[in-house]
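[1] Following is a predicted model, sequence given first.
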Amino acid sequence: MTSDLPETPHPSAQDRSHERAAPGGKGLAQALAAGTVVLDGGMSNQLEAAGHDLSDELWSARLLAERPEAITEAHLAYFEAGADVAITSSYQATFEGFAKRGVGPERAAELIGLSVELAREAARQAEAKGIRRSLYTAASVGPYGAMLADGSEYRGRYGLTVAELEAFHRPRVEVLAAAGPDVLALETVPDADEARALLRAVRGLGVPAWLSYTIAGDRTRAGQPLEEAFALAADADEVIAVGVNCCAPQDVDAAVEIAARVTGKPVVVYPNSGEAWNAEARAWTGRSTFAPAQVLGWRTSGARLIGGCCRVGPGAITSIADTLTAPTPT
């Protein structure tokens, strides 16, 4: 089968493995110990706002081959908006997903690694434009359900064993780690069993990670209590932050408190706008309930990596950054 994705020039993952994203140099774990770090917002909504059609099973990952410069532009928009961390476009980039489009494993590995380079290129461009704070690249590792492209990441319980899930994730995680990100973002994880698999997959790679669940109320999407889900990462040396993303803003407050209490680690938080995703219609419904002022309470409870996920754009990230850096009233 012949791939319908075009070739794009790129350096190899091996050639990039010695590089790091942060122009300012301070490691992300150190930055979290020193204060609060601002994450970016939704990649897909920023690309759609720029006029790109993402109605494809590969979602934003398709543009890694077709329009890589568009991904760099999206990252740069968030850096300029005040984000310190760019989360790569590899959420839905998997060997299996690319294979469905006729892309072989070697080319798929190149595209997955390219996602990290594009975020780093955006950091270089931001530095050239006069942004002098430390900027970081987080390599997105989406859940198994993202590859299925049927909304399964909001349900979990795929019918696979932990060993099978680890075997799915490990090759992609290895490619992303070789590309030299500052951190691996194990994100939108709906199921504690998948978290176990991901924690096994990142072991020994020499790259720190954060673990972020998608939740409903005080449970994972698969129904496990958050206390049990977060506890899996408490003793994982690779994990520098634990928390939630791609969830309703109103579910964040309790989750931050639980994550901080159970793990003793910095908490990562980046919810959706509050709108709901309809997988059948492939559309968002409802209204936004995300208010940047909420981040102050999250920080008080232990959140140190704070941003937005789907439908949270550069304007909201600027508001978050401004809120977090505003002087405390006396």
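    Arrived safely.
[2] for the stretch 101-250 of the chain, what spans make up the helices?
    The residue ranges that make up the helices of the stretch 101-250 of the chain, judged by DSSP state H, counting those that start in this stretch, are 105-128, 144-148, 162-178, 192-202, 226-231.
[3] For residue 288, which of the ones you listed is the nearest?
    Taking CB to CB as the criterion, residue 288 comes closest to helix 144-148 out of these, the separation being 22.8 Å. From N, CA and C alone the C-beta is placed, and that goes for glycine too.
[4] Can you convert the helices of the stretch 101-250 of the chain into TSV and add a column each for mean pLDDT and mean neighbour count?
    TSV is the format used below for those (pLDDT from 0 to 100; neighbours: other CB atoms under 10 Å):
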stretch	mean pLDDT	mean neighbour count
helix 105-128	97	22
helix 144-148	91	22
helix 162-178	98	19
helix 192-202	98	23
helix 226-231	98	20
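[5] Same list (those) but as a markdown table, adding distance to residue 213.
    A markdown table is the format used below for the helices of the stretch 101-250 of the chain (distance: least, CB to CB, whole Å):
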| stretch | distance to residue 213 |
| --- | --- |
| helix 105-128 | 22 |
| helix 144-148 | 13 |
| helix 162-178 | 15 |
| helix 192-202 | 7 |
| helix 226-231 | 6 |
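[6] So which of those is nearest residue 321?
    helix 105-128 (13.6 Å).
[7] Counting by contacts, list what the closest one packs against.
    Packed against helix 105-128 by the contact rule (3 or more CB pairs under 8 Å, 6 or more residues apart in numbering; DSSP states H and E) you find helix 13-16, helix 63-66, helix 68-81, strand 85-87, helix 95-99, strand 136-141, helix 162-178.
[8] Throw the ones you listed into TSV and include distance to residue 317, thanks.
    As requested, the helices and strands packed on helix 105-128 are arranged in TSV below (distance: least, CB to CB, whole Å):
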stretch	distance to residue 317
helix 13-16	26
helix 63-66	20
helix 68-81	4
strand 85-87	10
helix 95-99	28
strand 136-141	14
helix 162-178	23
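[9] For residue 44, find the nearest of those.
    helix 68-81 (9.2 Å).
[10] tell me the mean pLDDT for the closest one?
    Throughout helix 68-81, pLDDT has a mean value of 97.
[11] and of the helices of the stretch 101-250 of the chain, who's closest to residue 89?
    helix 105-128 (4.9 Å).
[12] Can I get that closest one as CSV, trimmed to CA atoms?
    Once side chains and other backbone atoms are set aside, the C-alpha atoms of helix 105-128 remain, and they are given as CSV (Å, rounded to 0.1, in the frame of the first residue of the first chain):
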residue,chain,number,x,y,z
PRO,A,105,7.2,2.3,10.3
GLU,A,106,10.4,4.2,9.3
ARG,A,107,8.5,7.1,7.9
ALA,A,108,6.1,7.1,10.9
ALA,A,109,9.0,7.2,13.3
GLU,A,110,10.4,10.2,11.4
LEU,A,111,7.0,12.0,11.6
ILE,A,112,6.6,11.3,15.3
GLY,A,113,10.1,12.6,16.0
LEU,A,114,9.5,15.6,13.8
SER,A,115,6.7,16.7,16.2
VAL,A,116,9.3,17.5,18.8
GLU,A,117,11.5,19.3,16.4
LEU,A,118,8.7,21.6,15.3
ALA,A,119,8.0,22.6,18.9
ARG,A,120,11.6,23.3,19.4
GLU,A,121,11.7,25.3,16.2
ALA,A,122,8.9,27.4,17.6
ALA,A,123,10.9,28.0,20.7
ARG,A,124,13.8,29.2,18.6
GLN,A,125,11.6,31.6,16.7
ALA,A,126,10.1,32.9,19.9
GLU,A,127,13.6,33.5,21.2
ALA,A,128,14.5,35.4,18.0
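[13] quick check: angle from that helix to strand 136-141?
    Inter-element angle recorded for helix 105-128 and strand 136-141: 150 degrees (by axes from the mean of the first three to the mean of the last three CA atoms, to 10 degrees).
[14] Distance from the chain centre to helix 105-128, please.
    15 Å (CA atoms, centre = their mean, to the nearest Å).
[15] and what of stretch 138-152?
    On CA atoms, centre = their mean, the centre of stretch 138-152 falls 10 Å from that of its chain.
[16] about what we covered before: nearest approach to residue 299 belongs to which of the helices and strands packed on helix 105-128?
    Nearest of the helices and strands packed on helix 105-128 (CB to CB): strand 85-87, 15.6 Å.
[17] so what does that closest one touch, helix or strand wise?
    If contacts are counted by 3+ CB pairs under 8 Å, 6+ apart, strand 85-87 sits against helix 68-81, helix 105-128, strand 136-141, strand 183-189.
[18] mind putting these in a markdown table, distance to residue 286 included?
    Compiled in a markdown table, those are given as follows (distance: least, CB to CB, whole Å):
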| stretch | distance to residue 286 |
| --- | --- |
| helix 68-81 | 24 |
| helix 105-128 | 30 |
| strand 136-141 | 25 |
| strand 183-189 | 19 |
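[19] So which of the ones you listed is nearest residue 312?
    Closest of these to residue 312 is helix 68-81, at 10.1 Å (criterion: CB to CB).
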